[in-house]
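> Give me the fold of what follows.
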Amino acid sequence: MTGPGPLALVGGGEFRPGNEAQDRVLAEAAGEGPSFVLATAAARQGPDLAVQNAREWFARLGLEVTELPAIRRADVRSSENANRARAGRFFYLVGGDPGLVPKTLAGTPVWEAIVEAWLAGAALGGSSAGAMALGEWTLVRERFPGDRNRRFTPALRLLPRVAVVPHFDTFGKRWVRGALAGLPDNDAILLGIDERTAAIWRRRAWRTLGPGGVTVFTGESGERFEAGNRISGLPHPLLH
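Okay, the predicted model is just below:
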């Protein structure tokens, strides 16, 4: 029986040079099957452009991707779209608004079909807001646009106890102090991921890929893992 495919959490800056290592892993897992990009997080910021960027980028890696509609709740409740997702071999959730992905996808036929396909060996990746949505919680602005303070809200919960902090090497690290003070659970983990860098799970282990690093916070201090290193302190995804 085929096991789960690779799972990639990318720290942002997707579809640009520097992402080749993790994106090749995902593309190779796709094989010849249908490959999809979901522009859910970019619904308010130009989803068509996000899809076009994804198509052009992955074409350079030899993979043809098309959009799986996932902007509106009607899209993700559609049995037709769910059937397409169930047959998919590659899914990539783009960056954008951290709150939109769980709000749109959680508990829907399309998301359930994506998880089913991933458990059967399909590749699954998300960048920035897309990566954040795959944890147990996502971080959204506390009060207003530009607010540095973040609060935890439930996400898609594929990765238990984890909240992803993307863009860690640029502005994301500024979120950490406030987030650590507001952890929703004593066992919660903050996962800081640099841009164009991924924490990737395959063969039942986590590793860092890309030019930057990954930092795991299980308390006030974090442990950093550079490219190629195995990451400790992260739970396995929920294989349900």
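> what's the neighbour count on residue 108?
A count of nearby residues for residue 108, using other Cβ atoms under 10 Å, gives 18. In short, each C-beta sits where N, CA and C put it, glycine included.
> The chain should start at 58 in everything you say after this.
That works, and once the first residue is 58, the last one we named lands at residue 165.
> what's the closest non-adjacent residue to it?
Closest residue to residue 165 apart from its sequence neighbours, by Cβ to Cβ, 6 or more residues apart in numbering: residue 133 at 4.0 Å.
> That neighbour and residue 167 touch, don't they?
Yes: using Cβ atoms under 8 Å, residue 133 is in contact with residue 167, at 4.0 Å.
> what is in contact with these two at once?
residue 127 (Cβ atoms under 8 Å, 6 or more residues apart in numbering).
> who touches the residue nearest to residue 165 in this structure?
127, 161, 162, 165, 166, 167, 168.
> what's the spacing between residue 238 and residue 184?
The gap separating residue 238 from residue 184 is 27 Å, by Cβ to Cβ, to the nearest Å.
> out of those two, which sits in the busier spot?
With neighbours defined as other Cβ under 10 Å, residue 238 and residue 184 compare such that residue 184 has more, 30 against 9.
> correct me, but the more buried one touches residue 69?
Yes: if you go by Cβ under 8 Å, residue 184 and residue 69 touch, sitting 5.8 Å apart.
> what touches both of these two?
Common neighbours of residue 184 and residue 69, counting by Cβ under 8 Å, 6+ apart, are 152, 223.
> Neighbours of residue 277, how many?
The number of residues packed around residue 277, counting by other Cβ under 10 Å, is 9.
> Same question for the one 10 residues further on.
Residues near residue 287, counting by other Cβ under 10 Å, number 9.
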